[in-house]
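# Here you go, sequence then predicted model.
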Amino acid sequence: GRTALAPGELIRSILLPAAALASRTAFRRLSLSNLGRSAVLLIGRRTAGGLRLTVTASTRRPVQLLLPAGTGAADLAAALDAAIEPGMYHDDVHGLPEWRRDMTYLLGGQIRAELMPGRDEGDT
């Protein structure tokens, strides 16, 4: 409900880097029902140095990680542990915190495998 805009100001344009728009991306979403509110949502974008992973819906605020090339499954889990405290996961009718955490790790691993080919899910 807050913005940096002053009363009467409006955004007229947004500039996005062409490299970001041309990058490979991956998207994963889970819900307890097909048409229900997203309970877990992750977006990955391949970068020159590795992977940018955004976690949202499962957490109280979006969390973004920058993972270097060669990041393995254990490295991803450690990065998620460091970035998302247990109390940050939502606890509501759309999913328990433990389930949201587990699904965040599962989907994050899928995105890592898709955007960082050559690494198996069990690699560290």
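Structure's in. What do you need?

# contacts and neighbour counts: CA atoms only from here.
OK.

# in stretch 27-43, what's buried?
Neighbour counts over stretch 27-43 (16 or more other Cα atoms under 10 Å) mark 28, 29, 30, 31, 38, 39, 40, 41, 42, 43 as buried.

# Check stretch 58-71 too.
Across stretch 58-71, burial judged by 16+ other Cα under 10 Å covers 58, 59, 63, 64, 65, 66, 67, 68, 70, 71.

# residues in contact with the top helix by length along the chain?
The longest helix of the chain (DSSP state H) is helix 97-115. Applying Cα atoms under 8 Å, 6 or more residues apart in numbering, the contact partners of helix 97-115 are 24-28, 30, 39-46, 51, 53, 55, 58, 73, 76-77, 80, 86, 89-91, 119-121.

# out of these, which are inside strands?
25-28, 30, 40-46, 51, 53, 55 (DSSP state E).

# Residue 95: which of those is nearest?
Here the nearest of these to residue 95, counting by Cα to Cα, is residue 40; it sits at 8.9 Å.

# now the closest one, which residues is it bridged with?
Under DSSP bridges, the beta-bridge partners of residue 40 are residue 30.

# pretty sure it contacts residue 60?
No. Using Cα atoms under 8 Å, residue 40 is not in contact with residue 60; the gap is 11.2 Å.

# okay, residue 20: pLDDT?
According to the prediction, residue 20 has pLDDT 83.

# check contacts around it.
45, 47.

# go again using 10 Å as the cut-off
The neighbours of residue 20, taking Cα atoms under 10 Å, 6 or more residues apart in numbering as the test, are 45, 46, 47.

# ok, the first one to residue 114 distance?
Counting by Cα to Cα, to the nearest Å, the gap from residue 45 to residue 114 is 10 Å.

# Please identify every residue contacting each of the two.
Joint contacts of residue 45 and residue 114 (Cα under 10 Å, 6+ apart) are 24, 25, 26.

# out of those residues, which is most surrounded?
Within the shared contacts of residue 45 and residue 114, residue 25 tops the neighbour count with 18 neighbours, counted by other Cα atoms under 10 Å.
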